[in-house]
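>>> quick one, what's the 3D model for this:
(one chain, ligands or ions: 1)
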Amino acid sequence: LLDPRPIEQWTRTTCGYCGVGCTLDVATRDHEIVTVHPASDGSVNRGHACVKGRFAHSFVSSPDRLQSPLVRRGGELVPVSWDEALDVVADHLRAIHRPDAFAVISSARATNEENYLIQKFARVAIGTNNVDNCARLCHAPSAAGLATTFGLGGGTNAFDDLDRCDAVLLAGSNPTDAHPVVGSRILQRVIDGARLVVIDPRRTELARHADVHLRPRPGTNVAVFNGLAHLLIRDGMIDEAFLRNRVAGYDELRDLASDYSPDRVSDISGVSVDELVTAAHLYGDAAAPAIFYGLGVTEHLHGTDGVRTLANLAILRGAVGTATGGGVNPLRGQNNVQGACDMGALPDLLPGYQKVADDTVRQRFEAGWRTSLPSTPGLRIPQMFDAARQGRLEALWVVGEDVLSTDPDTASVRAALDACPLVICNDLFLSATAQAANVVFPVASWLEKDGTFVNFDRRFQRVRRVVEPRDGVRTDLEVFRQVAARLGVDLGCATPAATLDECASLAPLFGGISEQRLDSDSALHWPCGTPDDPGRPTLYLDRFATADGRAHLAARPYLPPGAEPDPSFPYILVTGRRAEHYNSGEMTRRTPNVLLRADEPLDVEPSDAAALGLRDGDPVEVTSRFGRAVLPVRFAAELVPGQVFSGFHFPAAGVNELTSPLGDDVTGCPEYKVTAVRLRALQTT
Ligand code: SF4
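Okay, the predicted model is just below:
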């Protein structure tokens, strides 16, 4: 029955699930969320939202919410007061032997202001650059690859440029599930006449609407992108004036691409010659083609090469850094993964992508923060786990990430947490990682705090407190400030607004961004250098941000993936998102107000299932070189035989017990998209 009492308040905020950044109007009554409406004037979503943003909010009042800090005593986590828990952490941190014996994993779920403060805590209160965030597991290759190619580690164009493009090349992404509002907008653009090339092993919904669908074997993207570059050059679809005036590295790429004939690329990838040629011409003959891509490009052993060789196509075509080009657009996964990187929650970069190793940069931050800073880049997430297992880490603080569920090779992550003397965890719920921690702080969700997020197209937007935090809960900002105070360090940043102002004063990319402006302008794209700068939705119109002002083509050869199928492990497992859930599912699995998928199936192509004697729903044992899991089978005609697919939203399913510890050779991003496995039907009773 509908509650007849009137709504008391509407609060406008930004969705805390995926990186699209939809604007939501949230209605409350008696301090409870009643309903959520997508804002019709939302700058990204224009009145749309997906099932998560629209309905998955009742986790906020879930009885499972943590409402007291927990400290491990006698092997058990027991509730203690805030003072006691803060003291335990501060006492331990005061006693560590070296600053680099501490590491912190910041959070793409936290606000920009919290990420700024967390990296400041590591660098100022402890004196280490051992700070990283989950971009390491998804789009670190984008940040590295795009920065090397164009000068900045973000997407080149605003999402609204989609409305002007006449062709879309969508690579390694299923936005219908992972970024639903983007998926709908791309589909609408196709219905309106844009041509669509999809590069994805799975026949996704958008692939069904594509003019051509390339289905490369997982791990062969670089060969396909080099093959497309070969065809753009061979068939005269390059912008010679653009290459002459604004690009470096053409001769090297032309020489390398000459080795990637369609026949050779077809042999490597399994993509037919005809489809490759068709795709090259759909992209190359368009007046304003746009590239969108996702984790199917980045989560590979050579993910950064994938990003750079994909970006080559836009450069060859002159479709980036111009008023008409659609550019190169990474679809960032989590709500604020772009912002976590922007704020310097990275081991080698201070806020605004300024290098810790650069003396001039460091001196500016040292003056602002009135301290000396470490100059050596810190540990990345996989290196943090290595250090913990080797006894070199005395404290690891994990903020809002369930690393035991989402990071690859669960057994090695578990060993790292077991070996670390103090694991601190900030979370809403007693996640698998929280259960393994020594101290757990209960913290506020995105609907209970103020600040800002940055979405996938570099758009700062406001996050507003919709309801008061649950009793006993504090914000990440408060927790880190309070531990620092116990260590005798005043981090400043008393409010989110003051934190953003401090960041703006030290990071020229964000110099003109403030809460005040966002409250009146609703969104600002960085770079935005001064208070009267309107921001730059489209980058590089005059020059690229590299040292020489040119875009840098990458002559990178195809190298094989870390895992290949063999007789012992004949199938390739690809993992990815499903539409209804978000990461480890801690929030979306606690939303009884909407019918969400309630299990984690293994998608198996029907002919493979028949060969194994599997029926829909049967349990199947999946074994990789790293671990084992048992999942129910779901018939999936969208797969190529020999490939299986799974989400990772149900920790109990143990999908990441299977995945490999191998990572991108530049950034360490895990090779989630290529795990060799074998399947065995289990007896059903
Ligand atoms: Fe929009 Fe993503 Fe939130 Fe869905 S999950 S409403 S697409 S921001």
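>>> switch to C-alpha atoms for all contacts and neighbour counts from now on
Fine.
>>> what residues does the stretch 151-300 of the chain put near the ligand?
Along the stretch 151-300 of the chain, the residues adjacent to the ligand under the rule C-alpha under 6 Å from any ligand atom are 179-181.
>>> do that again at 8 Å, thanks
Listed as neighbours of the ligand in the stretch 151-300 of the chain under the rule C-alpha under 8 Å from any ligand atom: 178-182.
>>> with the chain instead?
Neighbours of the ligand within the chain, by C-alpha under 8 Å from any ligand atom: 14-24, 38, 45, 48-54, 178-182, 335.
>>> any of those buried? List them.
Members of those that pass the buried threshold by neighbour count (16 or more other C-alpha atoms under 10 Å) are listed as 14-24, 38, 45, 48-50, 52-54, 178-182, 335.
>>> so of these, which ones are in strands?
14, 23-24, 38 (DSSP state E).
>>> as a markdown table, these with pLDDT would be great.
Output for those, formatted as a markdown table (pLDDT from 0 to 100):
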| residue | pLDDT |
| --- | --- |
| Thr14 | 97 |
| Thr23 | 96 |
| Leu24 | 97 |
| Pro38 | 96 |
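>>> okay, now the domains of the protein?
In the assignment given by automatic domain parsing, the structural domains of the chain cover 9-61, 70-137+335-525, 141-331, 571-681.
>>> can you give me the end-to-end span of the last one?
In other words, domain 571-681. Terminal residues of domain 571-681 lie 14 Å apart, using C-alpha to C-alpha, to the nearest Å.
>>> any idea how far that domain is from the chain center?
Centre-to-centre, domain 571-681 and its host chain are 19 Å apart (C-alpha atoms, centre = their mean, to the nearest Å).
>>> show me what contacts the closest residue to Asn221 other than its chain neighbours?
Of all residues not flanking Asn221 in the chain, Gly306 sits nearest, at 6.3 Å (C-alpha to C-alpha, 6 or more residues apart in numbering). When contacts are counted by C-alpha atoms under 8 Å, 6 or more residues apart in numbering, Gly306 is found next to 221-222, 225, 297-298.
>>> one step back: which one of the domains of the chain lies closest to Arg550?
With distances scored as C-alpha to C-alpha, the stretch of the domains of the chain nearest to Arg550 is domain 141-331 (4.8 Å).
>>> name the element Arg364 belongs to?
Per DSSP states H and E: Arg364 is located in helix 359-369.
>>> next SSE downstream of that helix?
Toward the C-terminus from helix 359-369 - assigned by DSSP H and E - lies helix 381-389.
>>> quick one: list the elements packing against that following helix.
Helix 381-389 makes packing contacts with helix 410-419 when contacts are defined by 3 or more C-alpha pairs under 8 Å, 6 or more residues apart in numbering; DSSP states H and E.
>>> quick one: which of the residues of the chain next to the ligand sit in helices?
51-54, 178, 180-182 (DSSP state H).
>>> tell me where the model's unsure across the protein.
For the chain, the stretches with pLDDT under 70 are 1-3, 578-586, 588, 590, 592-598, 648-653, 684-685.
>>> what's near enough to touch the residue lying closest to Asp542 once chain neighbours are set aside?
Once flanking residues are discounted, Asp542 sits nearest to Gly321: 7.4 Å by C-alpha to C-alpha, 6+ apart. For Gly321, the contact set (C-alpha under 8 Å, 6+ apart) comprises 156, 327, 538-544.
>>> and these as a markdown table, adding neighbour count?
Supplementary listing: the contacts of Gly321 in a markdown table, determined by neighbours: other C-alpha atoms under 10 Å:
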| residue | neighbour count |
| --- | --- |
| Thr156 | 24 |
| Gly327 | 30 |
| Thr538 | 25 |
| Leu539 | 25 |
| Tyr540 | 20 |
| Leu541 | 11 |
| Asp542 | 10 |
| Arg543 | 16 |
| Phe544 | 21 |
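>>> is it possible to get a markdown table of those that adds secondary structure and distance to Phe385?
A markdown table is the format used below for those (DSSP: H, G, I helix; E, B strand; the rest coil; distance: C-alpha to C-alpha, whole Å):
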| residue | secondary structure | distance to Phe385 |
| --- | --- | --- |
| Thr156 | coil | 33 |
| Gly327 | strand | 36 |
| Thr538 | coil | 38 |
| Leu539 | coil | 36 |
| Tyr540 | coil | 38 |
| Leu541 | coil | 42 |
| Asp542 | coil | 43 |
| Arg543 | coil | 40 |
| Phe544 | coil | 36 |
